[in-house]
Structure formats: C-alpha cells, structure tokens
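> build me a model:
(one chain, ligands or ions: 1)
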Amino acid sequence: MSAAAEQFDAYWMPFTANRAFKKQPRVVTGASGHHYTTDDGRKLYDFFSGLWTSGVGHCHPKIVEAVQQQVATLDYAITFQVSNTRSAELARRVIDIAPEGFTQCFFTNSGSESVDSALKIALAYHRARGEGHRTRLIGRERGYHGVNFGGMSVGGMVPNRKAFSANLIPGVDHLRATMDLKFTAFSDGQPEWGGHLAEDLERLAALHDGSNIAAVIVEPVAGSTGVLPPPVGYLQRLREICDKHGILLIFDEVITAFGRLGKSFAADYFEVQPDIITTAKGLTNGVIPMGAVLVREHVYDAFMQGPENMIELFHGYTYSGHPVAAAAGIATMDVYRDEGIFEQSAELAKPFAEMLHSFDDHDKVIDVRNCGLMGAIELAPREGAPGARGMEMHKRCFWEEDLMIRNGMDIISFSPFLNSKLSDWEQSFAKFRRLLDSIE
Ligand SMILES: Cc1ncc(COP(=O)(O)O)c(C=O)c1O
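Presented below is the predicted three-dimensional model:
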C-alpha cells in the first residue's frame, strides 16, 4: 500500500468506491478562489464549485474572517430556549431575499436535515389545523432529497433506496421523472415536452383522495440525478393541483437556492410560489455545514396556537443556528449582495449553455442539459459496462487534465462558480473535449 493510500485506511468514505479510491487516492490539500491544490502540488480547476456548495469560490477572505472572528467570540451557544444574535441575523437576511410570503427560517445542519425537517413541519402543520388525516407524502422518481429516512423515502434514486427498501417510511408515492430522452434530448433549458407529467399528482389525489395527502416535494431542477430542468409549465401545474387539494408544495432548493439559477431562489426564477423551501450548501458557501427550512406565514401561524409558554414544534438540533455557521452565512449573504453574485450568475447562464451545447454533436454524447448554472453531459454507456466511461472521465480529468468534474454513472455534471471567468471555462471544456475524443 502506498503512503498516501495507507493514510486513508481507517476512513470509510461517503458515496465513494472505497477500495478503488484507496488504491489510488485523489486528494486535495488546499483551495483558493476557483482552484484546489492537490497533495502532489498540482492546481486543479474546480468545475463543480465544491459539491454545488461554494458559488463565490473557495476561502473567500470575507467569509474566512467572519468565521475566525466568531469562533473566537462565541464558539457555541445552547440553542434551545436561549439564542444568539448571529442566527437571528442570518434568519432575517435569508428571509429578506426569499420569495414573497416567506417569513420564517428554521436552521438545520445539512440538506438531508432540512428535508426531514420540512416533511415533519408539513405533517405537523396539518395536524395543528385539525387535518391529521393528511399523512401521505409524494416525491418523484430520480429525485434526491438527501439520505435520512424521510428524504430517502420521498427520493427516487434507486441505489440510495435499495438496501433500505423494507424500512422506508410508509405512505409515500412518487410522480414519474420528467425526462425521456426520446422527447427531451439536447433541450436548451426547460424541455417543451413533459408538462403533462404533473397530472400524475392529480391521479394520486384521485387514488388516495387529495384530503389524505400532506405534501409534495420536488427539486425545481433535479440536481444529483444529473440535472433535469422542469418541463415548461410543469411546476406551475403542480402548484395548481396542490392548491386544489390543500396539499403543501415543498421545493427542495438545496442546490438551486442562492443564485445557481441567477435569482435568490428557483421559486423566483420559475415564478412558482411553494409553501416550504429547503436549503443548505450555498447558505454558507459550504464553509460551515448549515441548512435552513423557509416557510410561508400561514405555515408558521398554524403552529402559533395554544399556551404561549408551550413549545410549538418538538423538533430541532443541538446545532440549529450555530453561531459560527451563522456568521459564515451572514458573510456569505454580504458577498452575494456586495459583489452582485446572482447578477453575475444570471449573465453567465447563456455562455455556459452555449459551451455545454457545443458537445451536442459529439459521437459519445447522448444528451446535454442545462438550466442556469447547472449543466450535464450524458455520455453513451460502454457496451456491458454502464458507468465505466463516466468514471474514467472523472479520474482522468483529475489526473491528466487538472480538472475537477463529477460523474454519476455516465452523466457528467457541471456546477460552475457563480462568478466564473469565461476563459477558465474555455480552457476546461477544451481539456474535457480532448479527453472525450481520446477515451474509448
Ligand atoms: C436537492 C437536495 N436535497 C438534499 C440534499 C442533501 O444534502 P446534504 O448532503 O447536505 O445532506 C442534496 C445534496 O446534494 C440535494 O441536492
């Protein structure tokens, strides 16, 4: 075993082929701006901005400074029945840029926790209003809502569910995924085909009776499954059907919130107002783990009943509203505002789409998809070896082209920085093409 490999001996890595990784570890030791440094001293362009997290770049000096100051001032404070001003300030800042009607921000530590918190809030909301019969939850095939039991159950990525099949939470149905390459391949932005798939919700409401359904959760643009923008009219139609049946609509914006589509939230980009929004990642630019659930006034109000000295929602985490995470979040909001990050992101969407779609004609490519600064190139799988070509692209980009990209099977996803330089994209796509031309 090499020295580098030995270092990883005790580390069970998340969502990683551990044995293959430990034979030849891919290791970063530093980051600055739009680049990583590797353990062998190379500078890698990060075409995934962390893990959809770090939109303004790595180690932004303002965020670093805020965290350093906060950790030396109030490192932690009890979060139940006592609070700190940092979390209250961040809640205010997030609500200030949230879609109209959102008034409350509940903190978590990750996207998965945001999702499970949102599902619990939805169920408890109906109960508080005397509609405790609304227990059913609806997700979507190919959806990703994190790895906790609620999110995994409403999620629709098969390998994540397979080993836990018998223990998924009951009372969950799934809408169909919105992609069919026969009709949607090479769409630039939202596909024209697929709006009709929102009628799946009407069908499920007919099957169960809409009065038994608590909430529908979807990613406005499905991210982890390989970037599936919603078909034209789809999200609007989901909203209409939810309204008709009194169902809460949850947008899982763990990826799409904070500028990825050139607006604060995808809800604004698509002009559809959900009842609950889940976030994480861009909330702190990935610097300290933190997530948040945003709710509209009517949701919060439903809980604010009964004696004032009673806890209204028996839910929360030791680190809900952690002061250091909140300080990172406030500094991140400052950077978003002061550097016009969402505006930069909006302007970059068109050149990004053009560069991505320059791969439409490549003989190893079966689809190219994009929305805002989310993009994917789907490669044709190798005969009898699905995923092999995508993984080889990831590894060889890392080793040979000094480029960080991410693959899910044969889908290569791109999550560029919200303040990217076009020249970096040009160089990186040229490297990607060189490799794609040459691999088997
Ligand atoms: C839409 C969505 N929801 C939830 C999650 C889970 O977030 P975390 O990994 O922070 O738990 C993710 C992570 O990628 C996500 O994309």
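> now stretch 9-20: average pLDDT?
What stretch 9-20 shows for mean pLDDT is 96.
> scratch that, stretch 34-47 is what I was asking about
The average pLDDT for stretch 34-47 rounds to 97.
> ok, stretch 274-294 next?
If you average the pLDDT values across stretch 274-294, you get 98.
> what about it, distance to the chain center?
In this view, stretch 274-294 has its centroid 9 Å away from the chain centroid, taken as CA atoms, centre = their mean, to the nearest Å.
> and stretch 364-378, by the same measure?
Distance, stretch centre to chain centre, for stretch 364-378: 16 Å (CA atoms, centre = their mean).
> measure that stretch end to end?
The first and final residues of stretch 364-378 sit 9 Å from each other (CA to CA, to the nearest Å).
> contact partners for residue 312?
Applying CB atoms under 8 Å, 6 or more residues apart in numbering, we find residue 312 in contact with 303-306. Where C-beta positions appear, they are placed from N, C-alpha and C, glycine not excepted.
> again with residue 320
Contact partners of residue 320, counting by CB under 8 Å, 6+ apart, are 79, 87, 106-109.
> list just the nearest of the contacts of residue 312 to the ligand.
Nearest to the ligand, judged by CB to the nearest ligand atom, of the contacts of residue 312 is residue 303 at 23.4 Å.
> which pLDDT value belongs to that closest one?
On the pLDDT scale, residue 303 is placed at 98.
> next one: residue 3
Reported pLDDT at residue 3 in the predicted model: 66.
> got the residues of the chain near the ligand?
110-112, 115, 144-146, 219, 223-224, 252, 254-255, 280 (CB under 6 Å from any ligand atom).
> these in helices, which ones?
Those of these mapping onto helices are 111-112, 115, per DSSP state H.
> how about those residues in TSV, adding pLDDT and neighbour count?
As requested, these are exported to TSV (pLDDT from 0 to 100; neighbours: other CB atoms under 10 Å):
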residue	pLDDT	neighbour count
111	98	28
112	98	23
115	99	30
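> show me the beta-bridge partners of residue 58.
With DSSP bridges applied, residue 58 shows beta-bridge pairing to residue 33.
> and for it, the neighbour number?
Around residue 58 there are 23 other residues, counting by other CB atoms under 10 Å.
> looking at this protein, which residue lies furthest from center?
Relative to the mean C-alpha coordinate of the chain, counting by CA atoms, centre = their mean, the farthest residue is residue 307 (37.3 Å).
> tell me, how many residues neighbour residue 268?
Number of residues near residue 268 (other CB under 10 Å) recorded here: 17.
> and the gap between it and residue 256?
10 Å (CB to CB, to the nearest Å).
> sorry, back to before: which of the contacts of residue 312 tops the neighbour count?
Neighbour counts for the contacts of residue 312 (other CB under 10 Å) peak at residue 303, which has 18 neighbours.
> follow-up on the earlier one: mind checking how far the residue farthest from the centre of the chain is from residue 59?
On the measure of CB to CB, residue 307 and residue 59 end up 48 Å apart.
> for the ligand, give me its nearest residue in this protein.
Closest point on the chain to the ligand, by CB to the nearest ligand atom, is residue 111, at 2.2 Å.
> contacting residues around that residue?
145-146, 252, 254, 278-281, 291 are the contacts of residue 111 under CB under 8 Å, 6+ apart.
> list the contacts of the residue nearest the centre of the chain.
Nearest to the mean C-alpha position of the chain, by CA atoms, centre = their mean, lies residue 255 at 2.6 Å. Neighbour list for residue 255: 52, 219, 221, 223-224, 281, 374, 415 [criterion: CB under 8 Å, 6+ apart].
> next one: residue 381
387-389, 409-410.
> let me have those in a markdown table, extended by pLDDT, secondary structure and neighbour count.
Converted to a markdown table, these look like this (pLDDT from 0 to 100; DSSP: H, G, I helix; E, B strand; the rest coil; neighbours: other CB atoms under 10 Å):
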| residue | pLDDT | secondary structure | neighbour count |
| --- | --- | --- | --- |
| 387 | 97 | coil | 15 |
| 388 | 97 | helix | 17 |
| 389 | 98 | helix | 20 |
| 409 | 97 | coil | 17 |
| 410 | 98 | coil | 24 |
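> tell me which element residue 21 is part of?
Using DSSP states H and E, residue 21 maps to helix 18-23.
> before we move on, back to that, closest to residue 347 among the contacts of residue 381?
residue 410 (30.7 Å; CB to CB).
> where does this structure dip in pLDDT?
By pLDDT under 70, the weakly predicted segments of the chain are 1-4.
> on that earlier part again, using a markdown table, please lay out the contacts of residue 381 together with distance to residue 20.
Formatted as a markdown table, the contacts of residue 381 follow (distance: CB to CB, whole Å):
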| residue | distance to residue 20 |
| --- | --- |
| 387 | 12 |
| 388 | 12 |
| 389 | 16 |
| 409 | 15 |
| 410 | 17 |
